[in-house]
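K.L.:
this one's sequence-less:
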Ligand SMILES: O=P(O)(O)O[C@H]1O[C@H](CO)[C@@H](O)[C@H]1O
Ligand SMILES: O=c1cc[nH]c(=O)[nH]1
């Protein structure tokens, strides 16, 4: 069998650096707009993956699907079977405090979660989910150098429940500095830590939990350019990839 149960690419088809949106159509759009010479390398279950170059460096994009179980499958298979070293999630999120506006970028320096992923990996321990410091630093530098406005760096909440109806929980998380709510970052960080890879999530606020402002589905698909620029710069950043 060529590939893994969920990825139909051959050895060497993925670059060591991968951008990972949730939505397969966003993966195609990133391939069309950010990669040169992009070629489709997998489409199992409609989860699209492409490899091309960005600023002359090999770079891949693969969708993750939604939620921790899905992102965990794709991230594990990339790190374990395709020699991938760095994955940066470029996703959408719901903004939590009023200091974060719709369309702002949130770089997740930590990910709280209600998922069992914190408890099941190491017996008796509730794990912290954090990005690679090198990627976080490179993303912060990239945002600063490009004069990116409205980029926030802080903790996010990775929820297992999109339609979670627990206002008191969101209040408590906001009081503790949580900037946004999404569904994959903690799982991606946990997989990277387990597999010895590097990971980061650079999110775009697609809606606001307090004001209820929301981007349309079409805008959600296309408003990521700032986040993708920051993510790509972080992937290509100043930290050497170990052999
Ligand atoms: O836009 P993506 O990257 O899929 O991210 C967010 O959107 C989905 C929910 O609509 C969840 O996957 C959540 O994390
Ligand atoms: O998971 C998500 C993504 C966008 N907006 C939310 O409120 N939650």
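P.N.:
Perfect, I can see it now. Because the structure is a prediction, the values reported are computed rather than measured. Ligands and ions are numbered 1, 2, ... in the order given.
K.L.:
For the chain, list the residues in contact with ligand 1, please.
P.N.:
21, 22, 23, 66, 91, 92, 162, 182, 183, 184 (Cβ under 6 Å from any ligand atom). Backbone N, C-alpha and C define where each C-beta goes, glycine included.
K.L.:
Would you confirm that residue 93 contacts residue 181?
P.N.:
Yes. With contact defined as Cβ atoms under 8 Å, residue 93 reaches residue 181; the gap is 6.1 Å.
K.L.:
shared neighbours of these two, anything?
P.N.:
Common contact partners of residue 93 and residue 181 (Cβ atoms under 8 Å, 6 or more residues apart in numbering): residue 156.
K.L.:
Pick out whichever of these two has more residues nearby.
P.N.:
residue 93 (27 against 24; other Cβ atoms under 10 Å).
K.L.:
Report the beta-bridge partners for the more buried one.
P.N.:
residue 205 (DSSP bridges).
K.L.:
For it, give me its contacts.
P.N.:
Per Cβ under 8 Å, 6+ apart, neighbours of residue 93: 106, 156, 180, 181, 182, 203, 204, 205, 206.
K.L.:
ok, now which ones touch the residue of the chain at minimum distance from ligand 2?
P.N.:
The nearest approach of the chain to ligand 2 comes at residue 94, 2.4 Å away (Cβ to the nearest ligand atom). The contact partners of residue 94, taken as Cβ under 8 Å, 6+ apart, are 180, 181, 182, 205, 206, 207, 208, 209.
K.L.:
Could I get the full set of helices for this protein?
P.N.:
24-34, 68-81, 117-120, 133-145, 167-175, 185-195, 217-222, 225-235 (DSSP state H).
K.L.:
Surely residue 208 touches residue 92?
P.N.:
No. The criterion here is Cβ under 8 Å, and residue 208 misses it with residue 92 at 11.9 Å.
K.L.:
how much space between the residue lying closest to residue 206 once chain neighbours are set aside and residue 18?
P.N.:
In space, and not counting its chain neighbours, residue 206 is closest to residue 92: 3.7 Å by Cβ to Cβ, 6 or more residues apart in numbering. For residue 92, the distance to residue 18 equals 18 Å [Cβ to Cβ, to the nearest Å].
K.L.:
Could you report the neighbour count for residue 214?
P.N.:
14.
K.L.:
Look up how far residue 184 lies from it.
P.N.:
For residue 214, the distance to residue 184 - Cβ to Cβ - is 19 Å.
K.L.:
Buried by neighbour count: which residues of stretch 62-73 qualify?
P.N.:
62, 63, 64, 65, 67, 68, 70, 71, 72, 73 (16 or more other Cβ atoms under 10 Å).
K.L.:
The closest residue to the third one other than its chain neighbours and residue 182: what is the separation?
P.N.:
I take that to be residue 64. Distance criterion Cβ to Cβ, 6+ apart; nearest residue to residue 64, sequence neighbours excluded, is residue 71 at 4.1 Å. Residue 71 sits 10 Å away from residue 182, taking Cβ to Cβ as the criterion.
K.L.:
repeat for residue 217
P.N.:
Distance from residue 217 to residue 182, by Cβ to Cβ: 16 Å.
K.L.:
Looking at strand pairing, list the partners for the residue nearest the centre of the chain.
P.N.:
Centroid check for the chain by Cα atoms, centre = their mean gives residue 89 as the closest residue, at 1.5 Å. In this entry, residue 89 is beta-bridged to residue 20, residue 201, by DSSP bridges.
K.L.:
That one contacts residue 192, doesn't it?
P.N.:
No. In this structure residue 89 lies outside contact range of residue 192 using Cβ under 8 Å: 10.4 Å.
K.L.:
Between the two, which contacts overlap?
P.N.:
Shared contacts of residue 89 and residue 192 (Cβ under 8 Å, 6+ apart): residue 199.
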